[in-house]
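Asks: only the shape, not the letters, is given here:
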């Protein structure tokens, strides 16, 4: 899963979301935190992003529902496409499953286009081979706008 925040102490927001996810996701491993420029409107604070992995007994749709509950608990309000947010959680992979429904696309449809997701993901899978067998190449992504955050 990818997590991002740029409001109300983003690092704390991400940590809170991970703690909430740990109630239904076991063995969570967390990539390094990265600061990145906003993808959309630039008149908002920089984002803090990371990627986590783990295992759950929830189905993909149940996991999506849990994620949406966490986002609501952390007061996420969608006021603008790609706008500021307290927390954003996206399912990147669910094992090697591939699915495309109106509610959920796995792997995440923008995964391979976003350095702020792929660079932290490569922290967790240094060989670059995703659960669905796709190959990620660190050199294919411009990481010059990402700043690693030491916590």
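Replies: Okay, I see it. Since we're looking at a predicted model, the values are computed, not measured.
Asks: where exactly do the helices run in the chain?
Replies: Under the criterion DSSP state H, helices of the chain are mapped to 10-21, 60-73, 115-124.
Asks: turn those into a markdown table, columns for mean pLDDT.
Replies: Putting the helices of the chain into a markdown table (pLDDT from 0 to 100) gives the following:
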| stretch | mean pLDDT |
| --- | --- |
| helix 10-21 | 98 |
| helix 60-73 | 96 |
| helix 115-124 | 95 |
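Asks: might you list the low-confidence residue ranges for this structure?
Replies: Counting by pLDDT under 70, the chain shows low-confidence ranges at 79-82.
Asks: let me know whether residue 98 touches residue 108 as I believe.
Replies: No: Residue 98 is beyond contact range of residue 108, at 11.3 Å (criterion: CB atoms under 8 Å). Any C-beta I mention is one placed from the backbone N, CA and C, and that applies to glycine too.
Asks: more neighbours, the two?
Replies: Using other CB atoms under 10 Å, the more surrounded residue of residue 98 and residue 108 is residue 108, with 17 against 12.
Asks: show me the contacts for the spatially closest residue to the more buried one that is not a sequence neighbour.
Replies: Using CB to CB, 6 or more residues apart in numbering and skipping residues adjacent in sequence, the residue nearest residue 108 is residue 92, 4.8 Å away. Counting by CB atoms under 8 Å, 6 or more residues apart in numbering, residue 92 touches 1-2, 51, 106-108, 111, 117, 121.
Asks: at 7 Å what do you get?
Replies: By CB atoms under 7 Å, 6 or more residues apart in numbering, residue 92 lies in contact with 1-2, 51, 107-108, 111, 121.
Asks: separation between it and residue 147?
Replies: 21 Å (CB to CB, to the nearest Å).
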